[in-house]
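Asks: sequence below, structure please.
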Amino acid sequence: MITKKFLRFIKHTLLIILGLGLIFFINGFYEKAIVNDKIEDFKARAEYIGPDENLKNVHYYRVKKEYDYEDVSRNTFTIDERIIGSKTDVIITNRNPMRGVAVLDPLVGFLSKNFFVGHATINSRDDGRMMYEVLGNASTPEYNKVVESLNDWMMVEDQLQEKSESPIIIGLRIKNTTEEDRDKMIEYANNQLGKGYNYTFLFNRHHTFYCTDLVSRAAKHAGININYDHFATTGNDIIISKNTYIFFLRETIIVDGEKVFNVYFLEQE
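Replies: All right, here's what the predicted structure looks like:
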């Protein structure tokens, strides 16, 4: 028999969930405005290099260093090898991870586009060729775990070309890190290999991760907070953190009915 006490508990729990959801949305749109400003600031410093010789509708822009914290001694983007970033650089997208799943597509697509919860990875090596990530939408359930994989963000996008489903890809570098800091981050991420995906996002955080959570907790292991609001970590949180800055941006725009891909990257020494 359902008691009045139990019904009150259910009611209060639902109110708390609704309240948290409302706060999440309000905070998310506030963060989105800051993200847009940071993107526009990065693009405003760019100079046009030219189109890609082999890829259709791909254009490159070099962004001049302006701030002291911008580290241009390490790789930002190599046009020929298609590698984004260097060790501990974070790559984030706002693509819909549930695209094609009828029930989840609309809501998850909306959240991904506005709050950058599409996917996030952290580079594991100095040359940027490998990265740590945790997947939650693999067709084979046992693949939904923390893995070290090839940093193939641009290679995949090159293959997809006009079928690309990543409106924006952002590369973020953590400010003023030492080699020791970066080693600690990689040590932490490496120790999580094989652990599963956290579908609850807020609970069971000792043994499971979601993608931005893995990234932010790796940074925290080195004493660096990159989760802006200290709540469930979204891509927006990492982008607007005072401890990160944009060094790479790939945006998709529509020109005369065709997708055009503009690639911006911080100049290197």
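Asks: so how far is residue 59 from residue 50?
Replies: Relative to residue 59, residue 50 is positioned 7 Å away (CB to CB, to the nearest Å). Placement of C-beta: from N, CA and C, glycine included.
Asks: which of the two has more residues huddled nearby?
Replies: residue 59 (16 against 8; other CB atoms under 10 Å).
Asks: so where does that one fall, helix or strand?
Replies: strand 58-63 (DSSP states H and E).
Asks: so where do the strands sit in this protein?
Replies: 46-51, 58-63, 77-78, 83-84, 90-93, 119-123, 130-134, 146-150, 168-174, 196-197, 208-209, 244-255, 258-266 (DSSP state E).
Asks: so, low pLDDT: which residues of the stretch 101-250 of the chain?
Replies: In the predicted model, the stretch 101-250 of the chain carries pLDDT under 70 at residues 101-112, 202-204.
Asks: burial of residue 72, as a residue count?
Replies: 15.
Asks: err, residue 191, not the other one
Replies: Around residue 191 there are 12 residues (other CB under 10 Å).
Asks: mind checking how far it is from residue 246?
Replies: For residue 191 relative to residue 246 (CB to CB), the value is 28 Å.
Asks: what's the burial count for the residue nearest to residue 133 when sequence neighbours are not counted?
Replies: Nearest residue to residue 133, sequence neighbours excluded (CB to CB, 6 or more residues apart in numbering): residue 121, at 4.2 Å. Using other CB under 10 Å, residue 121 has 26 neighbouring residues.
Asks: could you do the one 5 residues further on as well?
Replies: Residue 126 has 13 neighbouring residues, counting by other CB under 10 Å.
Asks: that one reaches residue 88, doesn't it?
Replies: No: applying CB atoms under 8 Å as the test, residue 126 and residue 88 come out as separate, 9.6 Å apart.
Asks: kindly reformat the strands of the chain as CSV containing distance to residue 224.
Replies: Output for the strands of the chain, formatted as CSV (distance: least, CB to CB, whole Å):
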stretch, distance to residue 224
strand 46-51, 27
strand 58-63, 23
strand 77-78, 23
strand 83-84, 20
strand 90-93, 11
strand 119-123, 12
strand 130-134, 16
strand 146-150, 20
strand 168-174, 6
strand 196-197, 24
strand 208-209, 17
strand 244-255, 9
strand 258-266, 20
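Asks: so which of these gets nearest residue 220?
Replies: Nearest of these to residue 220, taken as CB to CB: strand 168-174 at 11.2 Å.
Asks: which neighbours does that closest one have in its sheet, and in what orientation?
Replies: Applying DSSP bridges to the sheet, strand 168-174 is found paired with strand 90-93 (antiparallel), strand 244-255 (antiparallel).
Asks: which positions within the first one qualify as buried?
Replies: Of the residues in strand 90-93, those with enough neighbours to count as buried (16 or more other CB atoms under 10 Å) are 90, 91, 92, 93.
Asks: could those go into CSV alongside pLDDT?
Replies: As requested, the buried residues of strand 90-93 are exported to CSV (pLDDT from 0 to 100):
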residue, pLDDT
90, 98
91, 98
92, 96
93, 94
